[in-house]
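J.: Just to be clear, the model below is a prediction. Sequence and coordinates:
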Amino acid sequence: MSKGGWQILPHCASEAENLDIIVACDGASSVGQVGNEVAIKLTKENEGARMCCLSAIAAGSKVHINIAKNARKLIVINGCQLECASKVIRNQGIEPTYEITIAKEGIEKAPTLDFDDEDVERIAEKIAKEVLNK
Ligand code: SF4
């Protein structure tokens with residue numbers, strides 16, 4: 001199913017080796033939501049970059065574990081220092097290409113789902129520069 005104007009993404013299971021796969025913890029806090037929005041922004045603005053389902057990896061889905069294993073690059077975005085996304089990946093014996101923790105990037109972890117767009121832009125730019133466009 002698709003609608004006019006929707007950006008249709010590459011199929012991550014069949015094209016993982018040609019994709020920079022991004023997983024974010026999507027935690028229910030300011031920093032978790034910044035991380036999720038950064039993952040969305042990177043997916044929308046960088047051809048060959050594609051957000052993938054971290055929960056499916058955590059749940060043991062073989063298809064999704066293989067996407068993470070076969071990715072051209074694997075970019076892991078954690079909200080806070082608990083680094084849940086990195087742990088999910090390493091629990092599967094996979095080593096990320098790149099990891100970032102939003103709470104170490106000058107953003108306070110607060111009990112809110114709100115965030116500032118400037119923070120999203122700044123961190124998305126940093127990731128694009130440090131790993132996507134290399
Ligand atoms: S890394 Fe932090 S923000 Fe993300 S899911 Fe874990 S506890 Fe929540």
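T.: On my side now, so go ahead.
J.: C-alpha only now, for contacts and for neighbours.
T.: OK.
J.: And the lengthiest helix in the chain, how far out from the chain middle?
T.: Across the chain, the helix with the greatest residue count (assigned by DSSP state H) is helix 30-45. Relative to its chain's centre, helix 30-45 lies at 7 Å (CA atoms, centre = their mean, to the nearest Å).
J.: Buried residues in the worst-scoring helix or strand of the chain on mean pLDDT, which are they?
T.: Least confident helix or strand, the chain: helix 12-15 with a mean of 95, by mean pLDDT, DSSP states H and E. By neighbour count on 16 or more other CA atoms under 10 Å, the buried set for helix 12-15 is C12, A13.
J.: and the next element down the chain from it?
T.: Following helix 12-15 in sequence order, the next helix or strand is strand 20-24 (DSSP states H and E).
J.: Find the residue ranges of this structure scoring beneath the pLDDT cut-off.
T.: Where the chain drops to pLDDT under 70, the residues are 1-2.
J.: who in it is up against the ligand?
T.: Applying CA under 6 Å from any ligand atom, one finds that the chain approaches the ligand through C25, D26, G27, S29, V31, G32, N78, G79, C80, L82, E83, C84.
J.: now these: which count as buried?
T.: By neighbour count, with 16+ other CA under 10 Å, the residues of the chain next to the ligand hold C25, D26, G27, S29, V31, G32, N78, G79, C80, E83, C84 as buried.
J.: quick one: which of those residues is nearest T97?
T.: Checking these against T97 with CA to CA, the nearest one is N78 at 13.8 Å.
J.: From T101, how far off is the closest one?
T.: Going from N78 to T101 by CA to CA, to the nearest Å gives 5 Å.
J.: how about stretch 91-110: buried residues?
T.: So, applying 16+ other CA under 10 Å, buried residues of stretch 91-110: I94, E95, P96, Y98, E99, I100, T101, I102, A103, I107, K109.
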